[in-house]
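> 3D model of this:
(one chain, ligands or ions: 2)
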Amino acid sequence: MEVIESKKEDYTAPEIVVGRDWEDYKIFGTKGTIYIGKHLVGTGEDAHLTTPVLLDVLRPHIITLTGKRGTGKSYSMGIFAEEILKLPEDIRENLCAVIIDTQGIFWTMKQPVEYSPYMREWNIEPKGFDVKVYVPEGQKEIFKEAGVVFDGTFSISPEQLSYSDWLFVFGIEMTDILGVLLQRVLSKRIFKTIEEIINEIKKIEGFEKEKLALENFFEATKHWGIFGEQKMPQLLLPGKVSIIDVSLTPQSIRALLVALISRMIIYERTIARRQEEYEKISGEKKYKIPMCWLMIDEAHNFIPNVGTTAATEPLMKIVKEGRQPGISLVLATQQPYKLHPDALSQCDLIISHRLTSKDDIEALKSIMQTYIIFDITKYMDELPRVKGVALILDDNSERLYKIRIRPRMSWHAGSSPVALKSRVL
Ligand SMILES: Nc1ncnc2c1ncn2[C@@H]1O[C@H](COP(=O)(O)OP(=O)(O)OP(=O)(O)O)[C@@H](O)[C@H]1O
Ligand SMILES: [Mg+2]
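Ligands and ions are numbered 1, 2, ... in the order given. Below is the predicted model of the structure:
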């Protein structure tokens with residue numbers, strides 16, 4: 001087995017487990033892992049596949065999934081979801097996953113992929129998966145017309161948003177006149193509808209021009225199809241993989257949704273963690289809120305290196321404190337350089353498909369420098385020019401591997417994203 005670099009004892013096992021340190025490997029072996037691909041040995045044309053590569057799901061992880069456009073990030077994210085749903089019951093019931101789908105490409109996971117001879121090489125059969133797809137309540141007709149199969153809808157109520165959420169949504173500064181007026185309005189009471197907020201703005205004396213601007217901001221939200229009475233469905237259920245389709249939602253609202261979902265996951269898992277501790281002591285079993293994998297496509301738009309979004313604060317909380325409540329985060333991005341550096345530095349695993357930009361490669365290098373002696377560019381260059389190949393930088397075992405991600409069983413719509421965007425955005 002070719003291990004490119006390592007400081008630790010060598011594995012002698014017939015498989016590679018990433019995301020698991022040696023201590024855990026000795027206890028658990030390959031239990032509680034998902035099959036993501038095969039080890040790639042050799043370089044360029046001579047590269048060939050060898051040992052299965054498994055990823056630990058017993059512990060929480062922060063994973064950056066990166067690579068240039070069309071190199072396999074969303075595809076690989078789909079592999080994680082497939083594998084979570086394929087886990088044996090006793091492990092699956094302790095896990096759930098939430099995918100923030102910015103391109104509207106994950107609903108097709110319900111369908112099996114068309115069989116290809118390439119799948120035979122991997123001994124993999126086509127299979128559809130029982131993922132639960134949710135679309136915004138106000139956009140359901142558009143999704144229906146497009147033939148998207150979904151399981152439910154969601155909306156958010158204005159009362160769920162804090163003052164700073166609104167500032168992010170509209171891109172207003174707290175110190176702007178609009179920001180000041182907004183605070184004056186929101187401090188009056190709790191508003192359940194957008195109409196109630198607009199009526200309250202109208203009551204302000206003076207500031208005619210600014211009032212109109214603020215009213216217009218709120219009027220515009222009515223076309224986003226996101227505010228309503230249909231709450232978010234229960235996402236943290238044993239073995240459930242939920243897809244939140246935000247492909248037709250403006251970016252500032254996507255960030256807001258990610259913020260609300262992240263806060264909800266943190267809240268529920270923090271309570272669950274306390275409950276689990278109590279159960280350990282008392283032996284009493286009450287309820288199960290599974291550990292959660294939050295997977296975010298195009299993550300640099302939510303947790304950027306420059307500026308902040310509504311999602312920055314809750315996502316950074318998961319990045320820094322998510323291990324304790326058992327929350328894993330998968331941040332997929334074309335440009336790791338554009339991801340918040342603290343998010344990148346807290347990753348314990350990086351799965352990097354081909355990258356060529358110097359800034360992006362430097363960003364990866366800076367966090368894994370302790371055990372990468374050679375220039376990471378060398379390994380990138382050695383990757384054969386086929387889809388789905390990647391480098392895995394594993395901070396748990398301090399190793400670096402070249403791998404090829406396995407073929408999907410379910411249909412991946414990545415090459416033909418929903419052609420609807422222009423209708424709403
Ligand atoms: N592991 C793989 N095995 C075989 N084919 C793959 C694999 N990964 C990706 N592909 C192929 O590459 C295409 C692009 O993959 P994907 O949609 O995941 O790209 P991406 O990195 O998410 O791109 P973007 O940055 O544009 O979102 C897929 O439609 C699929 O055909
Ligand atoms: Mg993608």
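> what's the closest non-adjacent residue to L40?
Sequence neighbours aside, K402 is the residue nearest to L40 in space, at 4.2 Å (criterion: Cβ to Cβ, 6 or more residues apart in numbering). For the C-beta atoms, the positions are set from N, CA and C on the backbone; glycine is no exception.
> what number of residues lie near that neighbour?
22 (other Cβ atoms under 10 Å).
> go on, R59?
Here the count is done by other Cβ under 10 Å, and R59 has 17 residues near it.
> Does the residue nearest to L40 lie in a helix or a strand, and which?
According to DSSP states H and E, K402 maps onto strand 399-405.
> for K26, same thing?
In the assignment (DSSP H and E), K26 maps to helix 22-28.
> quick one: average pLDDT of that helix?
Mean per-residue pLDDT for helix 22-28: 93.
> partners of the next helix or strand after it in the sheet?
For helix 22-28, the succeeding helix or strand toward the C-terminus, using DSSP H and E, is strand 33-41. The partner list of strand 33-41 in its sheet, established with DSSP bridges, is strand 48-56 (antiparallel), strand 399-405 (antiparallel).
> Neighbours of K188, how many?
11.
> Next: D46.
Neighbours around D46, by other Cβ under 10 Å: 8.
> Show me how far the strand holding K402 is from its chain's centre.
21 Å (Cα atoms, centre = their mean, to the nearest Å).
> Now do the same for the one residue in the stretch 301-425 of the chain that gets nearest to ligand 2: its pLDDT.
The stretch 301-425 of the chain approaches ligand 2 most closely through G414 (5.6 Å), counting by Cβ to the ion. On the pLDDT scale, G414 is placed at 70.
> any idea which element it lies in?
Here G414 is assigned to no helix or strand, by DSSP H and E.
> what sits against it?
With Cβ atoms under 8 Å, 6 or more residues apart in numbering as the criterion, the residues that contact G414 are G70, S74, Y75, Q103, I105.
> For the residue of the stretch 151-300 of the chain found nearest ligand 2, give me phi and psi.
Of all residues in the stretch 151-300 of the chain, the one sitting closest to ligand 2 is D297 (5.7 Å; Cβ to the ion). Dihedral angles of D297 (phi, psi; degrees, to the nearest 10) stand at phi -80, psi 150.
> I am assuming it contacts K73, so please confirm or correct that.
Yes - counting by Cβ atoms under 8 Å, D297 does reach K73; the two are 7.3 Å apart.
> Contact residues of the protein facing ligand 2?
K73, S74 (Cβ under 5 Å from the ion).
> which is the next helix or strand following the longest helix along the chain?
As assigned by DSSP state H, the longest helix anywhere in the chain is helix 251-282. Sequence order places strand 291-296 as the next helix or strand after helix 251-282, per DSSP H and E.
> quick one: that next one to helix 251-282, angle?
Strand 291-296 runs at 170 degrees relative to helix 251-282, counting by axes from the mean of the first three to the mean of the last three Cα atoms, to 10 degrees.
> Check which helices and strands strand 291-296 is in contact with.
Packing contacts for strand 291-296, counted by 3 or more Cβ pairs under 8 Å, 6 or more residues apart in numbering; DSSP states H and E, involve helix 73-86, strand 95-101, helix 251-282, strand 327-333.
> Any idea which of the ones you listed gets closest to ligand 1?
helix 73-86 (3.3 Å; Cβ to the nearest ligand atom).
> Who are the packing partners of that closest one?
Under the contact definition 3+ Cβ pairs under 8 Å, 6+ apart, helix 73-86 sits against strand 33-41, strand 62-66, strand 95-101, strand 241-245, strand 291-296, strand 327-333, strand 399-405.
> The stretch 251-400 of the chain against ligand 1: which residues are in contact?
Q334, K387, G388 (Cβ under 6 Å from any ligand atom).
> what number of residues lie near F150?
Neighbours of F150 (other Cβ under 10 Å): 16.
> er, M109 I mean
Counted with other Cβ under 10 Å, M109 comes out at 27.
> Provide the secondary structure category for it.
Look at M109: counting by DSSP: H, G, I helix; E, B strand; the rest coil, its state is helix.
> follow-up on the earlier one: I'd like the helices and strands packed on strand 291-296 laid out as JSON lines, including mean neighbour count and mean pLDDT.
Shown next, in JSON lines, are those (neighbours: other Cβ atoms under 10 Å; pLDDT from 0 to 100):
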{"stretch": "helix 73-86", "mean neighbour count": "22", "mean pLDDT": "98"}
{"stretch": "strand 95-101", "mean neighbour count": "25", "mean pLDDT": "98"}
{"stretch": "helix 251-282", "mean neighbour count": "18", "mean pLDDT": "90"}
{"stretch": "strand 327-333", "mean neighbour count": "25", "mean pLDDT": "98"}
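> before we move on, back to that, any shared contact partners between D297 and K73?
Joint contacts of D297 and K73 (Cβ under 8 Å, 6+ apart) are A332.
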